[in-house]
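In: Fold the stuff below for me.
(chains A and B)
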Amino acid sequence: MTADLLRMEGLTKRYGGTVALDGLTAQVRPGLIGLVGANGAGKTTLFRLVLGLTQPTSGRVEVDGIDVADDPIGVRRRVGYMPEHDCLPLDQTAADVVSTFAEMGGLPVRDARQRASDVLDLVGLDEARFRSIGTFSTGMRQRAKLAQAIVGGPVVVLLDEPTAGLDPVGRDEMLDLISRLGTFGISVIMSTHLLDDVARVCDQVVMISAGSLVVAGSTEALLARTGRLLVDVGRRHPDLVGALQARGVRARSGDDVAGDHGLTHDLVEVDGDGDATVDEVLAVIADLGLPLYRLSSGSTSLDDVFLSHAERAR
Amino acid sequence: MSTVNPASVGTADGAVYDRSYRPYDGPRGGRAACTMALARTTARRALGLRRSWRQKVAPFVLLGIATIPAIVNVGIGYVTRNLAVAQRIELIDYRDYVGVSSALLVFVAVTAPDALCPDRRQRVLPLIFARPLTGLDYVLAKVGALTAILFAFSFLPQVVLYVGNLLVSDDALGYLSGHLDVLWKVPVAVFFLAVFYAVVGLAIASLSSRRIVAGASLIGLVLVTSAVSGVLVGDRAEAAANTGSAAALINVLALPLALRDLVFLGHIDAESALGGVAGGGAMAVAAYLSVLAFGAGVLVYRYRWVER
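Out: Numbering: from 1, shown residues only, chains lettered A, B, ... in the order given. Predicted coordinates:
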């Protein structure tokens, strides 16, 4: 047995002359996984391969220890799927649709109804569950789609762009819901092109670009490997960079950022993020008598990680 | 009342109900359960159950229309119950009533597209096929569901007719024993009719994602084939018996009526468009099976790649 949730080996999918996925090899453990890539990078194709809805041109994919090519039905019994597009029958009520999909997942009718009600309550549609889906807003439809994905008690749910089309509040609530799924013991593989979403909820990241793997690993590890510090002392101080360099710290002026009260803060970038470097920086700032607004690890976004890896791969 | 519900005591006795997510570890069916669930929801949808009243109007009004001949027949039987047996009027017998009425055609044109087209148009197919079933299971579920409701649609009026005749006859027990054969002939003939119309209706519906187009295509097929066949065979109302033509087979949607005749009479009705044609029964059965196989082939082909 393997502890991997998803294992892909040389997974390749061609549609005619177009290569959707090109020799993807990666493993992920159970948890909240972000599948990141630009539009057309192959995320939806990967989901369809995982569900066994399309056959790989070559290579193989395993879900929860089951080879999809051997037992696609067995895989689909363990997986919930939330497509990106609208996909619910518009003239049926949410309760009806979700309990029908629970029955189709193999649940007895009574359990299906009970769980549909529970799950709709969980996603915040308890009051709207007897309304037809056609009357729902985009946010409510996304919740109903999430409800049908988890109603059958899956091992893992595949969420294709779950925050697409949502306003900031709706997106916030959807991400909260997704991170709660982790606490219920459901693994999540969430595709998105928004790295912020991934940074917020996911503990592992798989980045793909044009069908190839860019990088895979735990979010923490990817963010930690930057080796830079950002120092924010408010207004630019003419001596700071020089003073740091005098102490043997490799520093340079960084970007400007907007601070409080309409002031512009001038960041200083420092190479190295060890304790010794931090001590040196603090000592210099104390010597100069500057206010310290922020001292943080250099990379605060997965964008940098993505761009730097994509560049290296090129 | 001396007992107090602990939950209603507003102190430390309050109860917390956790309605959050629980993993499911109960029994779980496989492909068969999934296919049955899909068939159930398809049948419910087609009849407009659990949908707004607008969706219920067409199926149930049509069922009412299809039942009118039975009610009229029973009504006349009641009015004429005191006349001598020879003078009584029977408007319709069980064989005629297994028929291709306009109500049935419209019912198929409404329900068959409704069983397939919304799945395609509203892009529900990816969700359905993310469940444990195959393209073949999907086709089986849809054909099964539509066969069931078409069977019910044609069978319920027969029940009304039979029970009504039974009640207005002078001798209920005599009527029952005198009409035992219809108890198996009607269901068998109605089944042949239902499965044929289910497969043909769904095969046409599978080619379009718009209900209105699919429904109109079915009606169009009926009009064209019956008109062409009618021209070739000639007017049957004036013609003598046993002067039919093999061109009657072109009227594909009337093929179940030939099977009905075989079930009820054991041979093709001499008065029908196929009457008197040598080997007409065998030809009708062969044509029926070919159309059924072709329709099933179209359906399986359309859903061989499960998505899109």
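In: What ranges in the stretch 101-250 of chain B fall below the confidence cut-off?
Out: Along the stretch 101-250 of chain B, the model assigns pLDDT under 70 to residues B:237-238.
In: Contact residues of it facing chain A?
Out: Residues of the stretch 101-250 of chain B lying close to chain A (CB under 8 Å from any CB of the partner chain) are B:118-119, B:122-124, B:126-134. Where C-beta positions appear, they are placed from N, C-alpha and C, glycine not excepted.
In: Now for the residues you listed, which sits with the most neighbours around it?
Out: Ranked by neighbour count (other CB atoms under 10 Å in any protein chain shown), these have B:A130 at the top, with 32 neighbours.
In: is it fair to say that residue lies in a helix?
Out: No: under the criterion used here (DSSP: H, G, I helix; E, B strand; the rest coil), B:A130 is coil, not part of a helix.
In: so it makes contact with A:R77?
Out: No: no contact is recorded between B:A130 and A:R77 when judged using CB atoms under 8 Å, the distance being 10.5 Å.
In: The residue of the stretch 1-150 of chain B found nearest chain A: which element?
Out: Each residue of the stretch 1-150 of chain B has a distance to chain A, by CB to the nearest CB, and the smallest belongs to B:Y24, at 3.0 Å. For B:Y24, there is no enclosing helix or strand under DSSP states H and E.
In: For the residue nearest to it when sequence neighbours are not counted, grab the count of nearby residues.
Out: Leaving aside its chain neighbours, B:Y24 sits nearest to A:G153 (3.0 Å; criterion: CB to CB, 6 or more residues apart in numbering or on different chains). Using other CB under 10 Å, A:G153 has 25 other residues around it.
In: How confident is the prediction for A:G153, by pLDDT?
Out: Model confidence at A:G153, given as pLDDT, is 92.
In: what helix or strand is it on?
Out: Using DSSP H and E, A:G153 maps to neither a helix nor a strand.
In: so who does it touch?
Out: Contacts for A:G153 were tallied using CB atoms under 8 Å, 6 or more residues apart in numbering or on different chains; they are A:105, A:115, B:23-25.
In: Closest one of these to B:V100?
Out: Among those, A:G105 lies closest to B:V100 (CB to CB), at 39.2 Å.
In: Can you tell me which of the residues of the stretch 101-250 of chain B next to chain A is nearest A:G42?
Out: Proximity of these to A:G42, judged by CB to CB, is greatest for B:P126, which lies at 16.7 Å.
In: quick one: which of the contacts of A:G153 has the most company?
Out: For the contacts of A:G153, neighbours were counted by other CB under 10 Å; the highest total belongs to A:G105, with 27 neighbours.
In: can you give me the helices in chain A?
Out: Using DSSP state H, the helices found in chain A span residues A:43-50, A:72-78, A:94-104, A:109-122, A:138-150, A:168-183, A:195-201, A:219-224, A:240-246, A:275-288, A:302-313.
In: Show me what counts as buried in the shortest one.
Out: Counting neighbours by 16 or more other CB atoms under 10 Å in any protein chain shown, one finds that the buried residues in helix A:219-224 are A:219, A:222-223.
In: Check the longest one too.
Out: Taking 16+ other CB under 10 Å as the basis for neighbour counts, the residues of helix A:168-183 that come out buried are A:170-171, A:173-175, A:177-178, A:181-182.
In: quick check: longest helix of chain B.
Out: Longest helix in chain B, counting residues (DSSP H): helix B:135-168.
In: Not counting whatever helix or strand comes next after that helix itself, show me its contacts.
Out: Once helix B:135-168 ends, the next helix or strand along the chain (criterion: DSSP H and E) is helix B:172-178. Contacts of helix B:172-178 from elsewhere in the structure, counted by CB under 8 Å, 6+ apart, are B:165-166, B:169.
In: Let me know the next secondary structure element after helix B:172-178.
Out: The element immediately downstream of helix B:172-178 (helix or strand, assigned by DSSP H and E) is helix B:182-205.
In: In that next one, which residues are buried?
Out: The neighbour-count criterion (16+ other CB under 10 Å) identifies B:182, B:185-187, B:189-205 as the buried residues of helix B:182-205.
In: packing partners for it?
Out: Counting contacts by 3 or more CB pairs under 8 Å, 6 or more residues apart in numbering or on different chains; DSSP states H and E, the secondary-structure elements packed against helix B:182-205 are helix B:94-97, helix B:102-121, helix B:135-168, helix B:211-233, helix B:255-265, helix B:280-302.
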